[in-house]
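Q: model this:
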Amino acid sequence: MATRARVVRLPGVQACTRRVPAKVKAAADAMEEPVWEGHAERMRMLLESEAREAMKRQIHRLDKRAVEHGKSTIEGDRTMLNRVNRYIYKGKVQTALREMEGMVEQGKMYLVENINHRRFLTACSTKRATEEAVRFVQLLDSKDPRVYNMLMSTCVRGKDVNGAFQAWDMMRTEGLKPGKIFYSNLINACAQANQANRAFEVFQNMLNDGVKPDQITFCILINSCARELRKRKNRRQQLVLVERAFHVLDDMKSMRVRPDAYIYNALLACCARTGLKTRALSIYQQMLEEGIPSNAATYLALIDAHIAANDCEGALEIFENVQPRILGFKSGKEQLYNSAIHACQHLGDFDRALGLYSKMKADCIIPDPVLFATLMKAAAETGNIDKTADILSEMKIAEVGPSISNYSTLIGIHAKNSDYEKAQETYDEMIAQNIKPTVVVMNSLAHAYAKNGMVRETFEIVEEMKSEGMSPNSITCSVLLSSCYHGREIEKAFEVYNEARQQGMQVNESCTHILILIANRVLKSLRESPILHGTPGGTPSHRLQAIQSQRQAWAARAVSLYHEAVHNGVHPSLESLSLLFGCLRLPRHRMDGFSTSSTEGAGLFESRALSVYEDASSRGMVPAISVDAEQTFNLEKLPPVVGQVLTLCLIRRLYKEKGISIGGFKCRNIVFEFPPVAEVKRLKKQKEMEEGNPEPHVNYVGASVVSILRRMSVPFEGSQHEGYVRMNGAALDRWLKSSSGREVVGQQDLSYNGLNDIYKSIHKQNEKIRTSSYHL
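A: Numbers count the residues shown, from 1 in each chain. Predicted coordinates:
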């Protein structure tokens, strides 16, 4: 008769309580020398496990060692296995790996093979210990593809793309062919690392190896484009990624793989992050035509696409259409309400946002901390800052928090309004709730003090941050610079900047903007100095020279800040460029060494301003200048100073082309478009009503461009009142040949002397060669 086996837990083997067949029992009883008590029972258990054949070989090795070395050696092996298994169970993967490496050094590789591979790799995945997982597989030197699939899954969960490619290299070294699961996980590792290009390279290798992708593979590939869109700020790069995602859909259909809701939702996510609402709606219509059911993620992407396209009313219309179906969704209900409230925030309709929140509570949908944070932002941006405290109380009543994100949002709101007292109160309340602050919270708190020019308090908060083990980042640096700017600590600001660079901190655009703003303030004070407004004869020359040297030093410092920024991959904003050109503006009154005429800047700017503009245009920060064809410049978003420098660069470019052209350069028509004065005044009045600011910032770029054209006597049609300026090519040719044109541009040598004589000589030689009348 068969006997009942007792439950035994063995390393690498599942517990078994099934009856042992009579043949197995007989074979076990026939053993001449049982090594230790219960060994036959252990063998019966192993023969009934899923890994039967592997365990039979393992037992044979253990039996052989037991006969050769005695019972004590086998008991020692069992002790080592149990110890390793306990480490794995407790998540101590590093200690377990060291034990296994010790086994290999002792020549006990058979014990390492007896370890449950899946259990160890799962423990590594839980701990995000990808390095230990790779070392374990290298230790095994396995030929089983399933081991590498588990290793790849561990790297994906640990977001270790380098470890994933290392696993790929290990598999190819062993001569194994990766399968669909392996390739899909490798593409997913690239997607999580925001490396879409690398993901597509892996996908191409997958096709070259003859592995057919499925829906999951294509979905991961499209998601790689959607994830990388989060970090891409350049519009052209964003549109390229979207096109690649749609090409994946075409490839999918050509391979006869039917798209599902996950594929279309991934495409909708790409459209949502780029504001392509029309394309998103076409994808949704395609889903309806193919009978693919939509879910909460579908409508969430549609709403976000409309918000990104500044069509918040359209976003709310989609939400109202889907609102009766929200309760039927399994998940995503809170996110839909959150996006709808976010649209209300953009519209400045806080009452409508509160109405949506009330409807949400009526539907028994539990809000999350993110939704409350959105409500706080909506209240702050609509001028209902007092409502933020009520929202915080509502969170406590709903037992949803508040969380660290809510306190961070609230402190940021008070910092934006320069209310450091309420920001400090909120921070103290957060500490009383035993919530540990983060770098974001500390930066927001420091920003509240910085905007009030409280330099000492700001630096104390940063020191407290360091003492708590938090590392300052580029935002911390910009906050410190802001405190120095508001507190008029000029030299201290540059000390902070130099120290940050020495520490290898990546300086962001905000830091560059603040430092150029400081330089602009200093230069403005120098230009308004009383010394410059007196008669030159009545002012000591050494004082004029001192101011002149200071002006040159600060202008050079501003230009060097720009070059350092672009060298580090930071593109200054249009506002920063406007401040930089302001630093390079010449004084209104004549100073020794500066002439108000016969300069490339028409007596308004240094020539360095034009060089900076050309460099910025080559990097795509400002409109590029081309004189080979008719060109229209839209100046609507350009600051006035940038518009003036653009005009000067254009005139200089025309004059240079006119001077060096052999065959005779002909100017083309040039058009400047900008908002007319009436539109600017209407916008100003609207901002006065919305912001309550008697002097809101509006763009008078049209008036600035017209004024500089009149200063240089350039012929043009239109005016700032009509919203355009048109310069006729023939009229420009005549102006450039005139004395006024040469005087303004200040490069007479290009027109009548030097280079032009050489070009005329070359032109005559070419004519003689063509007519065969040229002889040496």
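Q: Find the helix or strand that the residue nearest to residue 394 when sequence neighbours are not counted is a member of.
A: Sequence neighbours aside, residue 372 is the residue nearest to residue 394 in space, at 7.3 Å (criterion: CB to CB, 6 or more residues apart in numbering). For the C-beta atoms, the positions are set from N, CA and C on the backbone; glycine is no exception. Using DSSP states H and E, residue 372 sits within helix 369-381.
Q: Buried residues in that helix, which are they?
A: Judged by neighbour count using 16 or more other CB atoms under 10 Å, the buried positions of helix 369-381 are 369-380.
Q: sorry, back to before: show me the contacts for the residue nearest to residue 394.
A: For residue 372, the contact set (CB atoms under 8 Å, 6 or more residues apart in numbering) comprises 391-392, 394-395, 400-402, 406.
Q: I'd like the distance between it and residue 339.
A: Relative to residue 339, residue 372 is positioned 15 Å away (criterion: CB to CB, to the nearest Å).
Q: Also residue 386?
A: With distances defined as CB to CB, the gap from residue 386 to residue 339 amounts to 25 Å.
Q: Mean confidence (pLDDT) on stretch 467-474, please.
A: Throughout stretch 467-474, pLDDT has a mean value of 88.
Q: follow-up on the earlier one: between helix 369-381 and the next helix or strand after the helix holding residue 372, find me the angle.
A: Towards the C-terminus, the helix or strand next in line after helix 369-381, according to DSSP H and E, is helix 387-398. Counting by axes from the mean of the first three to the mean of the last three CA atoms, to 10 degrees, helix 387-398 points 160 degrees away from the direction of helix 369-381.
Q: what's the next helix or strand after helix 387-398 in contact with?
A: Heading C-terminal from helix 387-398, the first helix or strand you meet, by DSSP H and E, is helix 404-416. By CB under 8 Å, 6+ apart, the surrounding residues in contact with helix 404-416 are 369-370, 372-373, 376-377, 380, 385, 388, 392, 395, 420, 422-423, 426-427, 429-430, 435-438, 440-441, 444-445, 447-448, 451.
Q: Let's see the helix holding residue 372 as PDB, backbone CA atoms only.
A: The C-alpha coordinates for helix 369-381 follow below in PDB (Å, rounded to 0.1, in the frame of the first residue of the first chain):
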ATOM      1  CA  PRO A 369      -5.300  64.400  -2.500                       C
ATOM      2  CA  VAL A 370      -4.500  65.400  -6.100                       C
ATOM      3  CA  LEU A 371      -8.100  66.600  -6.700                       C
ATOM      4  CA  PHE A 372      -7.900  68.700  -3.500                       C
ATOM      5  CA  ALA A 373      -4.600  70.200  -4.700                       C
ATOM      6  CA  THR A 374      -6.200  71.100  -8.000                       C
ATOM      7  CA  LEU A 375      -9.100  72.800  -6.100                       C
ATOM      8  CA  MET A 376      -6.600  74.800  -4.100                       C
ATOM      9  CA  LYS A 377      -4.800  76.000  -7.200                       C
ATOM     10  CA  ALA A 378      -8.200  77.000  -8.800                       C
ATOM     11  CA  ALA A 379      -9.100  78.900  -5.600                       C
ATOM     12  CA  ALA A 380      -5.700  80.700  -5.600                       C
ATOM     13  CA  GLU A 381      -5.700  81.600  -9.300                       C
END
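Q: and residue 646, how far is that from residue 610?
A: From residue 646 over to residue 610 (counting by CB to CB), the distance is 10 Å.
Q: same thing with residue 567?
A: In this structure, residue 567 and residue 610 are separated by 20 Å, where distance is defined by CB to CB.
Q: for residue 575, same thing?
A: Separation of residue 575 from residue 610 (CB to CB) stands at 19 Å.
Q: what about these two, which has more around it?
A: Under the neighbour definition other CB atoms under 10 Å, residue 575 and residue 610 were set side by side, and residue 610 has more, 22 against 14.
Q: which secondary structure elements does the helix or strand harbouring that one contact?
A: Taking DSSP H and E as the criterion, the element that holds residue 610 is helix 607-618. Identification of packing neighbours for helix 607-618 by 3 or more CB pairs under 8 Å, 6 or more residues apart in numbering; DSSP states H and E yields helix 541-567, helix 574-583, helix 640-660.
Q: Which neighbouring elements make contact with the longest one?
A: The criterion is 3+ CB pairs under 8 Å, 6+ apart, and the helices and strands that helix 541-567 contacts are helix 509-527, helix 530-533, helix 574-583, helix 607-618.
Q: Check those for me and report the most buried one.
A: helix 574-583 (a mean of 23; mean count of other CB atoms under 10 Å).
Q: Let me know the secondary structure of residue 633.
A: At residue 633, secondary structure determined by DSSP: H, G, I helix; E, B strand; the rest coil is strand.
Q: Report the mean per-residue pLDDT for the helix holding residue 372.
A: Helix 369-381 shows a mean pLDDT of 82.
Q: got the angle for that helix vs helix 404-416?
A: Between the direction of helix 369-381 and that of helix 404-416, the angle (the same axes, to 10 degrees) works out to 10 degrees.
Q: Grab the nearest non-local neighbour of residue 131.
A: Once chain neighbours are set aside, the closest to residue 131 by CB to CB, 6+ apart is residue 163, at 6.9 Å.
Q: Assign that neighbour to helix, strand or coil.
A: helix.
Q: so what pLDDT did it get?
A: Model confidence at residue 163, given as pLDDT, is 89.
Q: cool, residue 358 as well?
A: Looking at residue 358, its pLDDT reads 86.
Q: show me where pLDDT drops low in the stretch 601-750 of the chain?
A: By pLDDT under 70, the low-scoring segments of the stretch 601-750 of the chain are 601-602, 658-664, 684-699, 739-750.
Q: what ranges do the strands span in it?
A: Counting by DSSP state E, counting those that start in this stretch, one finds strands in the stretch 601-750 of the chain at the ranges 631-634, 670-673, 717-719, 724-727.
Q: related to what we said a few turns ago, of the contacts of helix 404-416, grab the buried ones for ChimeraX.
A: Isolation of the buried members of the contacts of helix 404-416 (16+ other CB under 10 Å) is achieved in ChimeraX through the command below:
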select :369,370,372,373,376,377,380,385,388,392,395,420,422,423,426,427,430,435,437,438,440,441,444,445,447,448,451
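Q: that older thread, same list (the contacts of residue 372) but as JSON lines, adding distance to residue 727 and pLDDT.
A: Output for those, formatted as JSON lines (distance: CB to CB, whole Å; pLDDT from 0 to 100):
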{"residue": "391", "distance to residue 727": "56", "pLDDT": "81"}
{"residue": "392", "distance to residue 727": "59", "pLDDT": "78"}
{"residue": "394", "distance to residue 727": "60", "pLDDT": "79"}
{"residue": "395", "distance to residue 727": "60", "pLDDT": "79"}
{"residue": "400", "distance to residue 727": "62", "pLDDT": "73"}
{"residue": "401", "distance to residue 727": "61", "pLDDT": "70"}
{"residue": "402", "distance to residue 727": "60", "pLDDT": "77"}
{"residue": "406", "distance to residue 727": "56", "pLDDT": "82"}
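Q: My understanding was that residue 109 contacts residue 103; is that so?
A: Yes. With the criterion set as CB atoms under 8 Å, residue 109 and residue 103 qualify as a contacting pair; they are 7.1 Å apart.
Q: Point to the residue nearest the middle of this structure.
A: residue 231 (2.5 Å; CA atoms, centre = their mean).
Q: Is that one within a helix or a strand, and which one?
A: Counting by DSSP H and E, residue 231 is held by no secondary-structure element, helix or strand.
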